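**Student:** have a look at this prediction, sequence included:
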Amino acid sequence: MPTFRIPPDAILNSKNAARRIKKSSLESFNPSVLGLGDIDQEARSISAIAALFDLQGFTTFCGQIEPHLSIPVFLNSFLMWIFDSIRDETLREDKDEEALLWHDLPFLTKFMGDGLLILWDTENMGVIAQHNLITSLFEICGKYESDFYPKMKKKVVDAPSRLRCGIAKGTVFSVGNGDDYVGSCINLAARLQKLHGLRFAFARRGFDPETQWDEATLQTWLLKSISIRGIGDHELIYTRKKDFESLSKEDKANFHSV
């Protein structure tokens with residue numbers, strides 16, 4: 001993310017309680033430091049799938065002693081791993097200089113401090129490819145626990161043990177030059193990734209797994225109704241049946257059959 005720093009040559013004194021700086025440096029603190037370009041531009045709408053990946057336990061991880069020795073090691077490895085994983089799960093077949101894909105690559109990936117916001121444009125992504133994307137993201141969450149975490153816990157103390165993911169489909173709107181986006185589907189994805197102990201969930205709205213997945217695949221998922229703050233009281237979501245069955249009785253009580 002863009003940062004703001006007063007250049008050393010603009011500081012006129014540094015010892016007194018009342019800091020004196022050049023007026024031009026004071027005036028340079030304005031919305032341009034956000035790096036969004038012309039934020040007065042008319043917003044451009046994009047039909048999208050939003051995924052919010054969250055590293056469970058990242059706040060605790062950052063609170064350990066001497067975090068500056070562990071955080072860079074973890075984040076460098078994690079970001080390299082997740083970009084590699086997205087490419088691997090997207091790739092269906094290598095053909096010399098060409099690549100056949102299960103679905104599109106995302107058009108925006110944004111680090112959120114304890115996870116990633118990732119957006120896919122669905123305008124030219126077919127229905128089958130959109131449901132393939134759900135499968136890809138679920139596989140990535142599983143591989144975090146089975147592949148990435150066992151290696152990382154040998155390198156840093158208290159590495160985040162789970163990668164959670166919430167997915168929602170809808171419309172996003174560009175901010176400024178399109179370096180950032182807002183939209184209700186982003187908010188919904190953020191809510192879904194931390195639902196009462198679930199590791200993975202996607203909103204039923206805009207998806208149709210009942211017709212796009214075979215019966216064997218569909219049987220591994222569970223459709224539930226739940227109240228989501230700021231979204232609605234009867235939102236339909238899908239989660240992995242095995243994950244739901246591992247929840248506590250108290251957490252299960254938040255979900256309702258449909």
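**Tutor:** That came through fine. Model, not experiment: these values are computed from the prediction.
**Student:** from here on, contacts and neighbour counts on C-alpha atoms
**Tutor:** Noted.
**Student:** find the nearest non-adjacent residue to the residue positioned nearest the centre of the chain, please.
**Tutor:** Nearest to the mean C-alpha position of the chain, by C-alpha atoms, centre = their mean, lies Leu52 at 2.4 Å. Spatially, and ignoring its direct neighbours in sequence, Leu52 is nearest to Leu117 (4.7 Å; C-alpha to C-alpha, 6 or more residues apart in numbering).
**Student:** wait, what's in contact with that neighbour?
**Tutor:** Leu117 is in contact with Ala50, Ala51, Leu52, Phe53, Leu108, Thr109, Lys110, Phe111, counting by C-alpha atoms under 8 Å, 6 or more residues apart in numbering.
**Student:** quick check: closest non-adjacent residue to the second one.
**Tutor:** With C-alpha to C-alpha, 6+ apart as the criterion, Ala51 has its nearest non-adjacent residue at 4.5 Å, and that residue is Ile167.
**Student:** hmm, back to that, wait, is the residue nearest to the centre of the chain part of a strand?
**Tutor:** Yes. With the criterion set as DSSP: H, G, I helix; E, B strand; the rest coil, the secondary structure at Leu52 is a strand.
**Student:** so it sits against Asp114, correct?
**Tutor:** No. Here Leu52 lies out of contact with Asp114, judged by C-alpha atoms under 8 Å, at a distance of 10.3 Å.
**Student:** ends of stretch 105-125, how far apart?
**Tutor:** Terminal residues of stretch 105-125 are spaced 10 Å apart (C-alpha to C-alpha, to the nearest Å).
**Student:** ok now that stretch, how far from the chain's centre?
**Tutor:** 7 Å (C-alpha atoms, centre = their mean, to the nearest Å).
**Student:** and Asp180, how close does it get to Ala50?
**Tutor:** Asp180 is 13 Å from Ala50, where distance means C-alpha to C-alpha.
**Student:** so which of the two has more stuff around it?
**Tutor:** Ala50 (29 against 15; other C-alpha atoms under 10 Å).
**Student:** wait, that one sits on Ser184?
**Tutor:** No. The pair Ala50 / Ser184 is not scored as a contact, 9.7 Å apart, by C-alpha under 8 Å.
**Student:** which neighbours do the two share?
**Tutor:** Gly170.
**Student:** what residues does Ala159 make contact with?
**Tutor:** Taking C-alpha under 8 Å, 6+ apart as the criterion, Ala159 is in contact with Gly57, Phe58, Phe61, Phe74, Tyr149, Met152, Lys153.
**Student:** would you list the phi and psi of the first one?
**Tutor:** Spelled out, that is Gly57. phi 90, psi 10 (degrees, to the nearest 10).
**Student:** shouldn't it be in contact with Arg164?
**Tutor:** No. The criterion here is C-alpha under 8 Å, and Gly57 misses it with Arg164 at 10.6 Å.
**Student:** among the two, which residue is more densely surrounded?
**Tutor:** Each of Gly57 and Arg164 has its neighbours counted (other C-alpha under 10 Å); Arg164 has more, 26 against 15.
**Student:** where do the strands sit along the stretch 101-250 of the chain?
**Tutor:** Counting by DSSP state E, counting those that start in this stretch, one finds strands in the stretch 101-250 of the chain at the ranges 108-111, 115-121, 162-175, 180-182, 200-203, 221-228, 232-240.
**Student:** quick check: mean pLDDT of the longest helix seen in the chain?
**Tutor:** Taking DSSP state H as the criterion, the chain has its longest helix at helix 71-90. Averaged across helix 71-90, the pLDDT comes to 97.
**Student:** could you dump it to PDB, C-alpha only?
**Tutor:** The C-alpha coordinates for helix 71-90 follow below in PDB (Å, rounded to 0.1, in the frame of the first residue of the first chain):
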ATOM      1  CA  ILE A  71       6.900 -11.800   9.700                       C
ATOM      2  CA  PRO A  72       9.100 -11.300   6.600                       C
ATOM      3  CA  VAL A  73      10.000 -14.900   6.500                       C
ATOM      4  CA  PHE A  74       6.400 -16.000   6.700                       C
ATOM      5  CA  LEU A  75       4.900 -13.400   4.300                       C
ATOM      6  CA  ASN A  76       7.500 -13.900   1.600                       C
ATOM      7  CA  SER A  77       6.900 -17.600   1.700                       C
ATOM      8  CA  PHE A  78       3.100 -17.300   1.900                       C
ATOM      9  CA  LEU A  79       2.800 -14.800  -1.000                       C
ATOM     10  CA  MET A  80       5.000 -16.800  -3.200                       C
ATOM     11  CA  TRP A  81       3.100 -20.000  -2.400                       C
ATOM     12  CA  ILE A  82      -0.400 -18.600  -2.900                       C
ATOM     13  CA  PHE A  83       0.400 -17.000  -6.300                       C
ATOM     14  CA  ASP A  84       2.000 -20.300  -7.300                       C
ATOM     15  CA  SER A  85      -1.000 -22.200  -6.100                       C
ATOM     16  CA  ILE A  86      -3.500 -20.000  -7.900                       C
ATOM     17  CA  ARG A  87      -1.500 -20.500 -11.200                       C
ATOM     18  CA  ASP A  88      -1.300 -24.200 -10.600                       C
ATOM     19  CA  GLU A  89      -5.000 -24.600  -9.800                       C
ATOM     20  CA  THR A  90      -5.900 -22.400 -12.800                       C
END
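**Student:** please consider this matter closed, and thank you.
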